[in-house]
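Q: no FASTA, just this:
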């Protein structure tokens, strides 16, 4: 499988997980705080040189960005 396709699939799976485990509606500023928190977790994983965690945190960050973009498009 193409790496980009795998990444997009992983983001899609994470978005589904987010909807299941965190269905609550947040304001856009709070969504941005969530994205910032995820970025901090990417930085921590990089400092630890844990590439498996770096990948996972990047996927979670990207999925959080997609979630915010979805809400912006909906006008939420």
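A: Okay, I see it. These numbers were taken from a predicted model, which means no experiment stands behind them.
Q: show the average pLDDT along the longest helix along the chain.
A: Longest helix in the chain, counting residues (DSSP state H): helix 51-74. Averaging pLDDT along helix 51-74 gives 97.
Q: show me what that helix is packed up against.
A: helix 3-21, helix 28-47 (3 or more Cβ pairs under 8 Å, 6 or more residues apart in numbering; DSSP states H and E). C-beta coordinates here come from the backbone N, C-alpha and C atoms, glycine included.
Q: next, format those as a markdown table and append mean neighbour count, distance to residue 74 and mean pLDDT.
A: Formatted as a markdown table, the helices and strands packed on helix 51-74 follow (neighbours: other Cβ atoms under 10 Å; distance: least, Cβ to Cβ, whole Å; pLDDT from 0 to 100):
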| stretch | mean neighbour count | distance to residue 74 | mean pLDDT |
| --- | --- | --- | --- |
| helix 3-21 | 12 | 14 | 97 |
| helix 28-47 | 14 | 11 | 97 |
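Q: got those as a markdown table, with distance to residue 60 columns?
A: Formatted as a markdown table, the helices and strands packed on helix 51-74 follow (distance: least, Cβ to Cβ, whole Å):
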| stretch | distance to residue 60 |
| --- | --- |
| helix 3-21 | 6 |
| helix 28-47 | 5 |
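Q: for residue 70, which of the ones you listed is the nearest?
A: helix 3-21 (8.3 Å; Cβ to Cβ).
Q: who are the packing partners of that closest one?
A: Counting by 3+ Cβ pairs under 8 Å, 6+ apart, helix 3-21 packs on helix 51-74.
Q: which parts of the helix it packs on are buried?
A: By neighbour count on 16 or more other Cβ atoms under 10 Å, the buried set for helix 51-74 is 54, 56-68.
Q: nearest to residue 17, of those?
A: Once Cβ to Cβ is applied, the member of the buried residues of helix 51-74 that ends up nearest residue 17 is residue 63, at 8.0 Å.
Q: thought the closest one was touching residue 7?
A: No. The pair residue 63 and residue 7 does not pass the contact test of Cβ atoms under 8 Å, sitting 10.9 Å apart.
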